[in-house]
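Asker: here you go, sequence then predicted model.
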Amino acid sequence: MAYPTIELSQESKRTVTKEAIRTETESGIGRTRAKFTKPRYQFDLKYKGISESEYETLEEYFLANQGNVFTFTYPRDNVAYNVMFNIDSMSPSYDGIDSVIDTEVSLISI
């Protein structure tokens, strides 16, 4: 089952990380090297004003795929990434006026 395609808020973002290992000798000489050969991407996805049905779809996907690797296509660059959830819980925030929901999901590439 593919990651749900529900419209993202403009506040959603993709962050690229390429960790480094830094060491310093007793003489004060510093060295650095890449920890990994490829970058990792973190996706902080924000959903604003979605319906109860859309939230339930996200929650069901989270429950069924927590701990699994799956493909996520980031709509802003249309690139497919192998990712996993970077969260342990999900919660809705209800807007009492229109019965719409705001929520957030974090994914990280492998």
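Answerer: Looks like it arrived, so ask away. Numbers count the residues shown, from 1 in each chain.

Asker: please name the spatially closest residue to Pro75 (chain neighbours excluded).
Answerer: Nearest residue to Pro75 in three dimensions, chain neighbours excluded: Leu8, at 6.5 Å (Cβ to Cβ, 6 or more residues apart in numbering). Backbone N, C-alpha and C define where each C-beta goes, glycine included.

Asker: now do the contacts for the residue nearest the centre of the chain.
Answerer: Taking Cα atoms, centre = their mean, the centroid of the chain lies closest to Leu107, which sits 2.3 Å from it. Residues counted as contacts of Leu107 (Cβ atoms under 8 Å, 6 or more residues apart in numbering) are Gln42, Phe43, Leu45, Phe72, Tyr81, Val83, Met84, Phe85, Asn86.

Asker: of those, buried ones?
Answerer: With neighbours counted using 16 or more other Cβ atoms under 10 Å, these contain these buried positions: Phe43, Leu45, Phe72, Tyr81, Val83, Phe85.

Asker: and which of those is nearest to Tyr94?
Answerer: Of all those, Tyr94 sits closest to Leu45, with 18.6 Å by Cβ to Cβ.
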